[in-house]
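*Asks:* have a look at this fold, sequence not included:
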């Protein structure tokens, strides 16, 4: 089966971004190329960790029902 592959982007700080360095994702059974994805830099990782910490604090301040609404909306 031939897949229509396109270069994937990564979601960072509310934006879809591309990076020059990429990783090939391959099917372990037959080594077929599945996708080409961006390789995150150390700065990308540090930014993601800081944003996750900030988001966790903001989320923890919300009532449970509000967090459930957000998760249900994201799931749809």
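*Replies:* Done, it's in. Computed from a predicted model, the values in this text were never measured in an experiment. Numbering: from 1, shown residues only.
*Asks:* spatially central residue for the chain, please.
*Replies:* The chain has residue 11 as the residue nearest its centroid, 4.9 Å off, counting by CA atoms, centre = their mean.
*Asks:* give me the element it is part of.
*Replies:* When secondary structure is defined by DSSP states H and E, residue 11 falls within strand 10-12.
*Asks:* I'd like to know which elements the host helix or strand of residue 47 is packed against.
*Replies:* Residue 47 belongs to helix 42-60 when assigned by DSSP H and E. Using 3 or more CB pairs under 8 Å, 6 or more residues apart in numbering; DSSP states H and E as the contact definition, the elements that helix 42-60 packs against are strand 10-12. C-beta coordinates here come from the backbone N, C-alpha and C atoms, glycine included.
*Asks:* note down every partner strand of whatever helix or strand comes next after the strand it packs on and its orientation.
*Replies:* The helix or strand immediately downstream of strand 10-12 is strand 15-17, counting by DSSP H and E. Paired neighbours of strand 15-17 in the sheet (DSSP bridges): strand 10-12 (antiparallel).
*Asks:* centre of the chain to the strand it pairs with, how far?
*Replies:* Centroid separation between strand 10-12 and its chain, computed with CA atoms, centre = their mean, to the nearest Å, is 5 Å.
*Asks:* look at residue 1 and report its pLDDT.
*Replies:* We have a pLDDT of 52 for residue 1.
*Asks:* partners of the helix or strand containing residue 23, with directions?
*Replies:* Counting by DSSP H and E, the element that carries residue 23 is strand 22-26. Each strand that strand 22-26 pairs with, and the sense of that pairing, follows from DSSP bridges: strand 33-38 (antiparallel).
*Asks:* in this protein, which helix or strand is least confident?
*Replies:* Least confident helix or strand, the chain: strand 10-12 with a mean of 85, by mean pLDDT, DSSP states H and E.
*Asks:* show residues contacting that strand.
*Replies:* With contacts defined as CB atoms under 8 Å, 6 or more residues apart in numbering, strand 10-12 is touched by 16-19, 37-38, 40, 44, 47-48.
*Asks:* coming back round to it: only the buried residues of the helix holding residue 47, if you could.
*Replies:* Of the residues in helix 42-60, residue 44 count as buried by neighbour count, 16 or more other CB atoms under 10 Å.
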